[in-house]
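Enquirer: whatever this is, show me its structure:
(2 chains)
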Amino acid sequence: MAKFVTFSKKLLGVTVSCALAFSLVGAFSTSATAATTAVAGAKCVNLSEQEYVNNTVLICKGTKTGPKKWTKHFTAGTGGDVTIGIGSLPATLEAFAASAPPRSFIVGAIYSALTRVELSTGTPIIKPNVADSWSQEKGIPENWIFNIIQGKKFPNGELVDAAAVKASLEWVRDPKNNAGLRAKINDIRRVDVVSPYQVRIVTYAPRDLLPRVLGTIPILPPVAFAAQGATTFWKAPIATGPFIATKFTPNVELVLEPNPFSLRVTPAAKKVTFKVIPEDSSRMSGLRSGGLDVVNKVPTDDLAPLKSANFAIQAITEPATYHMSLMAKTGPLANKSVRQALNYAVDKQLLITGVNGGYGSVAQAQLVPSNLTGFCKDIKAFPYDLKKANELMAAAGYTTASKLNLTFQTSTAYITNDVLMAQAIAQMLEKLDAVDKVTVEVLEFSKFLDVYYLRGAIPRKDLFAWRMSSSPDLDAGVQMERYTSGYSTHNIGFANAQYDKYMEDALSLKLGSPARTAAFCGAGKILKDEAPILWGIHTPDIWAGKKSTQRFFVDPGGNIDLVGIGN
Amino acid sequence: MLQVLISRALQLILVVLGISTLLFLLIRISGDPALAIAGSDSTSADIDRIRESLGLNRSGIEQYLSFLANLATLNFGDSYIYLQPSMPLILEALPNTLYLSFVAFLLAMAVAIPAGIFAAVKRKEFSGKFIMSMSMLGQSIPPFVIGIFLILVFSVWLKLLPSFGNEEFLSIVMPAIALSAVLMARHTRLVRTYFIEELSRGYVRTGKSLGFTNTRIRFKHILRNISVPMLSLIGIDLGKFVGGAVIIEAVFAWPGIGSLMVNAVKSRDYPLLEAGVFTVAVMVVLVNLIVDLLYQFVDPRLRAKVN
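Expert: I've put the predicted structure just below:
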């Protein structure tokens, strides 16, 4: 009997949910009509642009070639519920651990930083958030003044002010807190409270990118954070982002609802739910069965069926470079000509079309994508040229008779299509006259890391696949530093004194300055010539969603627009 | 009876201690969790700092002694990934796994026993042979394939059942069918075999000569006689069920301890893994204890022996 009662209750629940769903559909139809109202204001240029004005989301509408104008999106909170199926989500709601996806989905939704980095157009645009405005002090480029938004409070009543900014930044800077984001603001010398709504941030050296970096460091209510301690605070964060987390079950789901204390904007959707579904096929089935509105990490094999079933696809090129470290210390790859030959022997475009469904882009012979500060326009990718590759091999003394056997170590399920790409590259390299066989050694992720750090029993072999991610708030220095001879973990025996000198110069120069970029170019040219790397592609990050889901948009940083999305 | 219980409790302690020690050794020789936590872009200094904060820079003996001390108080420490005590995380997910396993088990038995009896009684007819073919098929197909097939038909094509999670009332249907399929098929075959054996026994002939109905002979006498060997097998199979549930939980994004443990393995989250394996080991031992006790209940000869 009790079971019957429970069943009846659940049945009633399902019925009520259906009724609610229908009413939401009704609400959506009304809001969609309202969304066509034009709003006067500044011109928009790019169709992916989005702006927040008076707590309303404006999106850029028009045609690709025709006139474009800012148009009101959903009225806040009328965008229905959205369910996003995601491969993985961090296990905590921590604010200071990292700034890349999927951590950034949480941080961007729940917290507010001093600035907001808008990436929708591809080029980072820095917009106000906790800070209304900012500037460098005249004549002292190391000093930055940030004016804080006034009259705003955290949900617990604490003021959003200069003291909150100082406390948050100081906590991240304190080495004993082990904050993952600490490296980003290592060069801050101190934070001074100038007035209740003004802070001065002093860096060790001039840093033009500071406002961009500070867009990744959330500002928290200092009293509550100190009283609760970090671990407790992350369980129910008090913050001023567009959403509050109303339910969070690690490894299962995160439910976000509009935050009445949001500083700048109220989201369109009434509720955004992230469902963690690690299994690719289950996630794709969830989308196709209608249980999910949007999914991420779409395998390239699923692209064609999803497209033919009329789902919307959002593919971005990750700010990450897939490449292979070549063993320059021993074996045939110790010869520079052989390393160059391997670069000529790989058809990077075919990796995109053949393995990645046409998504991604060819990496130039450098470690950062073109939109990152420090990218060198003069350094181009090695073209696919098998004849030249064979000539270089012959010049190095390797001919058909050599019957070279190479080993290619790769991860599995770490880099997009990693095993498939390794197999494809192995086949391409086997086309070289001197190469008899390329054995692909697939390593489980933890073993793979052991090999990278030389901590396990398996040594580094001829080719080792790696994915170098880039952060839009830093520059090429982070990546290029890894090939200096003193860097402990590249482990491939590459050393070049001239390269080291260029890098030493570059890293001592002002971040973002032309001189620093020029030094990176000098170092990059050596790196291309010495070729301790086989450069591959910038990997794709593919999302799919229902056509009916409004403002389903993923920016070039890999972040889905949670504020604008609605059903 | 008390003696049996005490003896079983001692066995339980030994088994759990043995499994936990084995697990302690295995997961530590499999690699360094600091690497998995630090991620791909970290430096050696980051990794060393993490090792120190987790106490992994202590000697193996020190780590083991501290592990044993924690085991005694069921405190496995905080999960490296979830930054929360491990045992409550496991206990939070456990009801979902138990619910799935229980429903799948009931479903398997509810189908296997009548189907097995039917196949035994009609063993020379098409219907009996058909059931055996189906059970062969059920045993041959891995549960995750059945799961994916069910999702395709009932979620993607027919849109009748939810394909992931456990929030809706009907969410249990497909995971339970997929998980129970192998057990269902295996036990159908076993019930049939045992039943056929019993049909040739003297007490069946005696019953018939005394004019008992077929129903009475089959369900009162034969079923009771085959329940003893069936119970032993059920005890073994229930232990395997948790292993099967890990995969099914992954396919259906069912939030049980299976998916939690898969994540723990991937990230070398020792405390969570130890708490999970400990819980599963206790469950398996307890199930076997219950099965042992049930023997006494269903078999009067064993009851007499104990008394």
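Enquirer: using CSV, write out every CA atom in the longest strand seen in chain A.
Expert: Longest strand in chain A, counting residues (DSSP state E): strand A:312-326. The C-alpha trace of strand A:312-326 is given here as CSV (Å, rounded to 0.1, in the frame of the first residue of the first chain):
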residue,chain,number,x,y,z
ALA,A,312,22.8,23.0,-33.7
ILE,A,313,26.6,22.6,-33.6
GLN,A,314,29.0,25.0,-31.9
ALA,A,315,32.6,24.2,-32.6
ILE,A,316,35.4,26.3,-31.3
THR,A,317,39.1,25.8,-31.7
GLU,A,318,40.5,25.3,-28.2
PRO,A,319,43.3,27.7,-27.1
ALA,A,320,45.5,24.6,-27.0
THR,A,321,48.1,23.2,-29.2
TYR,A,322,48.4,19.5,-30.0
HIS,A,323,52.0,18.6,-30.6
MET,A,324,54.6,16.0,-30.1
SER,A,325,57.8,16.4,-28.2
LEU,A,326,60.6,14.7,-30.1
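Enquirer: adjacent strands (with direction) for it?
Expert: strand A:463-469 (antiparallel), strand A:533-545 (antiparallel) (DSSP bridges).
Enquirer: pLDDT-wise, which helix or strand of chain A ranks last?
Expert: helix A:2-34 (a mean of 41; mean pLDDT, DSSP states H and E).
Enquirer: C-terminal to it, what's the next element?
Expert: For helix A:2-34, the succeeding helix or strand toward the C-terminus, using DSSP states H and E, is strand A:50-53.
Enquirer: whatever helix or strand comes next after that next one: which residues count as buried?
Expert: Next in sequence after strand A:50-53, counting helices and strands by DSSP H and E, comes strand A:56-62. Within strand A:56-62, the residues scored as buried using 16 or more other Cβ atoms under 10 Å in any protein chain shown are A:56-61. Any C-beta I mention is one placed from the backbone N, CA and C, and that applies to glycine too.
Enquirer: over to stretch B:198-214?
Expert: Here stretch B:198-214 shows B:198, B:204, B:207 as buried, counting by 16+ other Cβ under 10 Å.
Enquirer: identify all contacting residues around that stretch.
Expert: The contact list for stretch B:198-214 (Cβ atoms under 8 Å, 6 or more residues apart in numbering or on different chains) reads B:120, B:216-217, B:221-222, B:225-226.
Enquirer: mind putting those residues in CSV, distance to A:V265 included?
Expert: Formatted as CSV, those follow (distance: Cβ to Cβ, whole Å):
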residue, distance to A:V265
B:A120, 69
B:R216, 75
B:I217, 76
B:H221, 74
B:I222, 72
B:N225, 72
B:I226, 68
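Enquirer: in terms of pLDDT, where does the residue in the stretch 251-400 of chain A that chain B sits nearest to sit?
Expert: Per Cβ to the nearest Cβ, A:S289 is where the stretch 251-400 of chain A lies closest to chain B, at 3.7 Å. Turning to A:S289, the model gives it a pLDDT of 92.
Enquirer: for the closest residue to it other than its chain neighbours, grab the count of nearby residues.
Expert: Spatial nearest neighbour of A:S289, excluding adjacent residues (Cβ to Cβ, 6 or more residues apart in numbering or on different chains): B:S155 at 3.7 Å. Using other Cβ atoms under 10 Å in any protein chain shown, B:S155 is surrounded by 23 other residues.
Enquirer: try A:Q498
Expert: If we define neighbours as other Cβ under 10 Å, then A:Q498 has 12 of them.
Enquirer: that one reaches A:I526, doesn't it?
Expert: Yes. Contact status for A:Q498 versus A:I526: in contact at 5.7 Å, counting by Cβ atoms under 8 Å.
Enquirer: what is the one helix or strand B:F144 maps to packed up against?
Expert: Here B:F144 sits within helix B:143-150, counting by DSSP H and E. Using 3 or more Cβ pairs under 8 Å, 6 or more residues apart in numbering or on different chains; DSSP states H and E as the contact test, the elements touching helix B:143-150 are helix B:173-199, helix B:223-251.
Enquirer: chain A: which of the buried residues of stretch B:198-214 is nearest?
Expert: For the buried residues of stretch B:198-214, the minimum distance to chain A (Cβ to the nearest Cβ) is 33.7 Å, reached by B:E198.
Enquirer: related to what we said a few turns ago, run through who's touching the helix holding B:F144.
Expert: A:281, A:285, B:161, B:174-175, B:177-179, B:181-182, B:244, B:247-248, B:250-252.
Enquirer: let's go with 7 Å and repeat that
Expert: A:281, B:174, B:177-179, B:181-182, B:244, B:247-248, B:251-252 (Cβ atoms under 7 Å, 6 or more residues apart in numbering or on different chains).
Enquirer: most neighbours among those residues, which one is it?
Expert: B:F252 (34 neighbours).
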